[in-house]
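*Asks:* generate a structure from the sequence data that follows.
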Amino acid sequence: MTDTEVSRLREELLRLYPGAHIKVAPDRAEMVAEIEPGRAVAVIERSVPHFHKTMTEVYRGLRGTLYVACGGRGHVLGPGEALTIDPGNVHFARGAGEPAWIEVLCEPAWTPEDHLIL
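*Replies:* Numbers count the residues shown, from 1 in each chain. Model (predicted):
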């Protein structure tokens with residue numbers, strides 16, 4: 001995403017989720033609005049392959065279409081559709097044509113120590 005897109009998306013996320021803590025990936029291909037422990041909204045152009053040792057994630061489509069590779073299988077998430085990602089499953093995603101918005105529910109809550117990039 002360009003600097004202009006990141007700025008616009010940051011403003012929109014903060015308007016929709018006041019008080020959220022916004023993180024932007026170094027390559028600007030993913031933004032995460034941490035709303036509360038265990039709940040976030042991610043805007044994904046593309047994410048890098050990674051897994052979690054202990055955390056279960058649920059991705060729920062909010063806007064756009066997200067292609068997700070998880071545990072060697074492909075999934076397509078649209079608005080209202082959900083995917084559970086169990087601990088140990090390598091996963092990564094990309095938006096179809098434009099960044100996709102998803103709600104991310106984590107149990108236990110996300111920590112950098114449990115986010116292992118391949």
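*Asks:* dump the residue contacts of Trp101.
*Replies:* Remark: with contacts taken as Cβ atoms under 8 Å, 6 or more residues apart in numbering, Trp101 is in contact with Val41, Ala42, Val43, Ile44, Gly61, Leu62, Arg63, Gly64. Glycine gets a C-beta too; all of them are placed from N, C-alpha and C.
*Asks:* hmm, I was thinking of Leu105
*Replies:* The neighbourhood of Leu105, defined by Cβ under 8 Å, 6+ apart, consists of Gly38, Arg39, Glu57, Val58, Arg60.
*Asks:* which stretches of this protein form helices?
*Replies:* Assigned by DSSP state H, the helices in the chain fall at 3-16.
*Asks:* do I have it right that Arg22 meets Glu12?
*Replies:* In this structure residue 22 is Ile, not Arg. No: under the criterion of Cβ atoms under 8 Å, Ile22 makes no contact with Glu12, lying 10.5 Å away.
*Asks:* comparing those two, which residue is more hemmed in?
*Replies:* Set Ile22 next to Glu12 and count neighbours by other Cβ atoms under 10 Å: Ile22 wins out with 18 against 13.
*Asks:* how near is that one to Ala42?
*Replies:* Between Ile22 and Ala42 the distance is 11 Å, computed by Cβ to Cβ, to the nearest Å.
*Asks:* now for the two: what residues contact both?
*Replies:* The contact sets of Ile22 and Ala42 overlap at Met31, Val32, Ala33 (Cβ under 8 Å, 6+ apart).
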